[in-house]
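A.B. asks: one predicted model, sequence on top.
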Amino acid sequence: MPREPSVQRASRGGRDRPAGFDRWDLWFLGAVVLLAFFARVPRLTESLWYDEIAAWREYGIHGPRAIVTTYDDPANHIAHTLLSWCSVELFFDALGQETALRLPALLFSLGAVVAVHGLSRRAGSRRVALLAAAAAAGAPVAVLEGVEARGYSMMVFFAASSSWVFLEVCAARRIRGWLVYGVLCALGVWSHMMMVFVPVGHAAWLLWRAIVGREHGQLVRGVSGLLFAAGLTLVLYAPVLGDIIGIRRIFISIEGDEPSPFGSEGLHTLLQLGGSWSWWAALPGLILAAIGFAHAVRSVEIRRVVAASMLGLPIAFVAVAAADSWLYARFTLFVMPGVCLLIALGIDALWRRRKWAGLVAACLLAACYASDLAVRPAKQPLREAASFVVTRRDDGEGVLIVGLGHRVMDVYGRSLDPAYSLFHGEDLPEALEAGEPMWVIVMYPRSVPEDRYELLADRGYRLVRRFDGWVDWGNGDVLVYRRISRGEEVGVPPGQAPPRDGP
């Protein structure tokens with residue numbers, strides 16, 4: 001079968017643009033966006049998890065001025081927190097706290113589907129662009145982070161749109177487009193600092209082209225756009241630069257137990273390249289992405305799109321390792337537009353050889369993605385744990401929360417008037433002695449030292465309910481303990497999973 005042309009020359013302005021974009025593309029793209037919406041809706045009203053609550057209570061609830069001028073820790077994804085404040089102010093009564101807080105994430109996640117489609121059209125094929133948009137719509141990684149009140153969906157959107165504009169202005173050779181590019185990059189970095197590796201990747205690509213292809217004029221224009229992006233980013237971060245300098249030690253691995261790019265987070269970053277954080281759901285995507293990469297290296301135009309959207313990832317890994325810093329897999333979600341493109345290229349390559357092979361690959365991928373989302377529990381079911389205790393405790397029974405560093409359970413358990421033992425039960429003996437609580441709720445159970453569980457057992461507490469969560473790869477479970485009297489039989493309710501091995 002003859003190969004589809006990648007681009008055609010427009011008649012005006014000497015600009016390269018994808019061929020054959022018509023209203024049918026808009027209809028199909030609209031259908032894909034609708035699919036993305038329905039894939040995300042079931043997760044919109046899930047319990048808020050620790051980071052969402054902590055960011056809102058520490059920054060968002062205090063209003064715009066505090067949001068843009070305070071940066072005590074990296075939990076404040078400034079642009080997104082600001083939009084969440086606007087959304088809560090406008091829609092809290094109509095939508096409820098979970099949906100109102102997450103609405104900006106949802107909208108940017110849907111916008112990212114469109115941006116991935118536009119970026120992938122630079123690779124030329126209508127089919128590839130729609131397949132890439134479909135991957136962005138249904139990949140579990142994109143769905144789950146697309147309904148989280150954090151800056152990750154914004155990072156994906158700005159990564160895709162800035163890379164798209166970058167390729168457009170490189171082809172058009174006009175300086176004005178670099179202003180748009182600079183704005184997109186700056187807003188992306190304002191939503192999450194790790195987005196900075198997208199323009200850094202673009203800079204590396206421009207430098208390579210100047211050395212190998214002698215495209216010095218393009219390098220000069222690109223540098224002007226990158227400098228504008230850097231300057232605008234500094235303007236946006238100017239109110240908190242002092243805070244960032246003051247907490248700079250937070251970004252360095254000091255304790256030795258921070259998430260490492262060479263540990264579990266690095267493994268899940270690799271799985272992320274298959275579109276899922278579950279190995280079995282990511283495997284088809286990883287294979288298709290590998291096929292797509294092999295296909296991409298044969299075409300100059302496709303190679304440019306892949307490089308523009310993915311070069312930031314290896315640079316980020318090198319930078320994090322060199323700085324002895326730490327990394328969560330979700331910090332590298334800026335690579336998702338390139339991942340979706342590679343997966344689409346892999347399906348397209350199979351389709352060109354045998355249509356049935358491409359169809360089987362697409363169906364298998366969709367089935368794995370759908371299965372992952374269907375069996376995956378809530379990220380951290382704090383609401384369910386609080387509700388369980390609220391409906392079962394008697395008046396006067398005390399409640400103790402063993403948590404991380406913030407009193408996040410107050411959002412759902414205010415009526416419980418709970419006491420807290422933070423930093424994974426650092427002062428648990430004193431807290432149990434002082435309050436003699438009847439109920440103990442444990443968050444991040446795998447991070448709680450074993451002697452804390454032994455103490456609970458010695459004091460007569462028994463696990464009565466485990467609520468499954470997937471954050472931090474299974475450390476999102478929430479455990480509910482109750483103190484029992486001698487002879488009382490209290491355990492895991494019928495139909496519930498028994499305790500796992502260990503906490």
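C.D. replies: Arrived safely. All of these numbers come straight from a predicted model, not from anything done at the bench.

A.B. asks: ok, residues contacting stretch 385-399?
C.D. replies: With contact meaning Cβ atoms under 8 Å, 6 or more residues apart in numbering, stretch 385-399 is reached by 409, 412-413, 415-419, 435-441, 465, 467, 478, 480. All C-beta atoms are positioned from the backbone trio N, CA, C, and that covers glycine.

A.B. asks: what do you get if the cut-off is 10 Å, keeping everything else the same?
C.D. replies: For stretch 385-399, the surrounding residues in contact (Cβ atoms under 10 Å, 6 or more residues apart in numbering) are 47, 381, 401, 409-420, 432, 434-443, 464-467, 469, 477-480, 482-483, 493.

A.B. asks: sketch out the low-pLDDT regions of the stretch 51-200 of the chain for me.
C.D. replies: Applying pLDDT under 70 to the stretch 51-200 of the chain flags residues 173.

A.B. asks: please enumerate the strands of it.
C.D. replies: Counting by DSSP state E, counting those that start in this stretch, the stretch 51-200 of the chain has no strands to list.

A.B. asks: where does the prediction get shaky in the protein?
C.D. replies: The chain contains residues with pLDDT under 70 at 1-21, 173, 213-217, 253-258, 486-503.

A.B. asks: how is it divided into domains?
C.D. replies: If you go by automatic domain parsing, the domain ranges for the chain are 21-375, 382-483.

A.B. asks: from the contacts of stretch 385-399, list the buried ones, please.
C.D. replies: 47, 381, 401, 409-413, 416, 418-420, 432, 437-443, 464-467, 469, 477-480, 482-483 (16 or more other Cβ atoms under 10 Å).

A.B. asks: could you show me where the helices are in the stretch 1-150 of the chain, in order?
C.D. replies: Assigned by DSSP state H, counting those that start in this stretch, the helices in the stretch 1-150 of the chain fall at 23-44, 50-58, 64-69, 78-95, 97-121, 126-138, 140-145.

A.B. asks: need the three-state assignment for D395.
C.D. replies: The three-state label given to D395 by DSSP: H, G, I helix; E, B strand; the rest coil is coil.

A.B. asks: from G435, how far off is it?
C.D. replies: Distance, D395 to G435, using Cβ to Cβ, to the nearest Å: 16 Å.

A.B. asks: G285 too?
C.D. replies: G285 is 49 Å from G435, by Cβ to Cβ.

A.B. asks: what do you get for R122?
C.D. replies: Distance, R122 to G435, by Cβ to Cβ: 61 Å.

A.B. asks: number of nearby residues for the closest residue to S264 other than its chain neighbours?
C.D. replies: In space, and not counting its chain neighbours, S264 is closest to W473: 6.0 Å by Cβ to Cβ, 6 or more residues apart in numbering. W473 is flanked by 14 other residues according to other Cβ atoms under 10 Å.

A.B. asks: sec struct for W473, please.
C.D. replies: Under three-state DSSP, W473 falls in the helix class.

A.B. asks: now do the contacts for it.
C.D. replies: Applying Cβ under 10 Å, 6+ apart, the residues near W473 are S264, E265, L267, H268, W277, S278, A329, R446.

A.B. asks: I441 sits in which helix or strand?
C.D. replies: Counting by DSSP states H and E, the element that carries I441 is strand 439-443.

A.B. asks: that strand vs helix 50-58, what angle?
C.D. replies: For strand 439-443 against helix 50-58, the angle by axes from the mean of the first three to the mean of the last three Cα atoms, to 10 degrees is 100 degrees.

A.B. asks: next SSE downstream of strand 439-443?
C.D. replies: That would be, after strand 439-443 and using DSSP H and E, helix 450-458.

A.B. asks: flag every buried residue along that following helix.
C.D. replies: Residues of helix 450-458 classed as buried: R452, Y453, L456 (neighbour count, 16+ other Cβ under 10 Å).

A.B. asks: now that helix, how far from the centre of its chain.
C.D. replies: From the chain centre to the centre of helix 450-458 is a distance of 35 Å (Cα atoms, centre = their mean, to the nearest Å).

A.B. asks: dump the C-alpha coordinates for it into PDB.
C.D. replies: In PDB, the C-alpha atoms belonging to helix 450-458 read as follows (Å, rounded to 0.1, in the frame of the first residue of the first chain):
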ATOM      1  CA  GLU A 450       5.900  -2.200  62.600                       C
ATOM      2  CA  ASP A 451       6.200  -1.300  66.300                       C
ATOM      3  CA  ARG A 452       3.200   1.000  66.000                       C
ATOM      4  CA  TYR A 453       1.000  -1.900  64.900                       C
ATOM      5  CA  GLU A 454       2.400  -4.000  67.800                       C
ATOM      6  CA  LEU A 455       1.500  -1.100  70.200                       C
ATOM      7  CA  LEU A 456      -2.100  -1.000  68.800                       C
ATOM      8  CA  ALA A 457      -2.400  -4.800  69.300                       C
ATOM      9  CA  ASP A 458      -1.100  -4.600  72.800                       C
END
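
A.B. asks: which strands and helices lie in contact with the following helix or strand past that helix?
C.D. replies: Next in sequence after helix 450-458, counting helices and strands by DSSP H and E, comes strand 461-467. Other helices and strands packing on strand 461-467, by 3 or more Cβ pairs under 10 Å, 6 or more residues apart in numbering; DSSP states H and E, are helix 382-390, strand 439-443, helix 450-458, strand 478-483.

A.B. asks: close enough to count as contact, P381 and D477?
C.D. replies: Yes: applying Cβ atoms under 10 Å as the test, P381 and D477 come out as touching, 8.4 Å apart.

A.B. asks: what do these two both touch?
C.D. replies: R466, F467, D468, G469, W470.

A.B. asks: in stretch 360-369, what's buried?
C.D. replies: A361, A362, L365, C368, Y369.

A.B. asks: could you do stretch 282-300 as well?
C.D. replies: Within stretch 282-300, the residues scored as buried using 16+ other Cβ under 10 Å are 282-289, 291-293, 295-296, 299.

A.B. asks: ok, now stretch 69-89?
C.D. replies: Using 16+ other Cβ under 10 Å as the test for burial, stretch 69-89 gives 70-71, 75-85, 87-88.

A.B. asks: could you do stretch 266-277 as well?
C.D. replies: So stretch 266-277, judged by 16+ other Cβ under 10 Å, has buried residues G266, H268, T269, L271, Q272, L273, G274, G275, S276, W277.

A.B. asks: before we move on, the earlier item: so which of the buried residues of stretch 282-300 sit within strands?
C.D. replies: Under the assignment DSSP state E, those contribute nothing to strands.

A.B. asks: including distance to L226, could these go into CSV?
C.D. replies: Listed next are the buried residues of stretch 282-300 as CSV, based on distance: Cβ to Cβ, whole Å:
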residue, distance to L226
A282, 33
L283, 37
P284, 36
G285, 31
L286, 32
I287, 35
L288, 32
A289, 28
I291, 33
G292, 28
F293, 26
H295, 30
A296, 24
S299, 26
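
A.B. asks: of those, closest to G460?
C.D. replies: Of all the buried residues of stretch 282-300, A282 has the smallest distance to G460: 43.4 Å, by Cβ to Cβ.

A.B. asks: wait, isn't that closest one in contact with S371?
C.D. replies: No: look at A282 against S371 with Cβ under 10 Å: they stay out of range, at 12.0 Å.

A.B. asks: rewinding a little: which of the buried residues of stretch 360-369 sit farthest apart?
C.D. replies: Greatest spatial distance in the buried residues of stretch 360-369: A361 and Y369, 12.6 Å, computed using Cβ to Cβ.
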